[in-house]
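S.K.: Sequence isn't available, so here's the structure alone:
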């Protein structure tokens, strides 16, 4: 059906670009494939927090919120991008696990 076509379109096998099969064994390759979306999402969260705190530090002295509130908002800033990453990567990870 149409869901199979969508799954085939969204399923990205990017691991062949960065991790050739000759470089790593199956176990390490599978571990790298499975953990890479979490690393990308952590990078996005760190970028969101650092951008928020950079703007917070550049603001004049009587700031509206404490830094911890700005850091929490920084996590939320790039959450939609993390959800898109999950949507794109999880089907290919599941497919490579069951191969």
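M.R.: Received the coordinates, thanks. Quantities reported herein were computed from a predicted structural model and do not represent experimental measurements. Numbers count the residues shown, from 1 in each chain.
S.K.: Which residues are in contact with residue 65?
M.R.: 56, 73 (CB atoms under 8 Å, 6 or more residues apart in numbering). Where you see a C-beta, it was placed from the backbone N, CA and C, and this is true even at glycine.
S.K.: next one: stretch 81-88 to chain centre, how far?
M.R.: What separates the centre of stretch 81-88 from the centre of its chain is 6 Å, taken as CA atoms, centre = their mean, to the nearest Å.
S.K.: Packing partners of the helix or strand hosting residue 70?
M.R.: Using DSSP states H and E, residue 70 sits within helix 67-77. Packing partners of helix 67-77 (3 or more CB pairs under 8 Å, 6 or more residues apart in numbering; DSSP states H and E): helix 26-58.
S.K.: Go ahead and measure how far the helix it packs on is from the middle of the chain.
M.R.: Worked out by CA atoms, centre = their mean, helix 26-58 lies 6 Å from the chain centre.
S.K.: Repeat that for stretch 69-80.
M.R.: 14 Å.
S.K.: contacts for that stretch?
M.R.: In contact with stretch 69-80 (CB under 8 Å, 6+ apart) are residues 44, 45, 47, 48, 49, 50, 51, 52, 53, 55, 56, 65.
S.K.: Buried ones among those residues?
M.R.: The neighbour-count criterion (16 or more other CB atoms under 10 Å) marks 44, 45, 48, 49, 52, 56 among the contacts of stretch 69-80 as buried.
S.K.: Torsion angles phi and psi at residue 80?
M.R.: phi -60, psi -40 (degrees, to the nearest 10).
S.K.: ok, how many other residues are close to it?
M.R.: Residue 80: 10 surrounding residues under other CB atoms under 10 Å.
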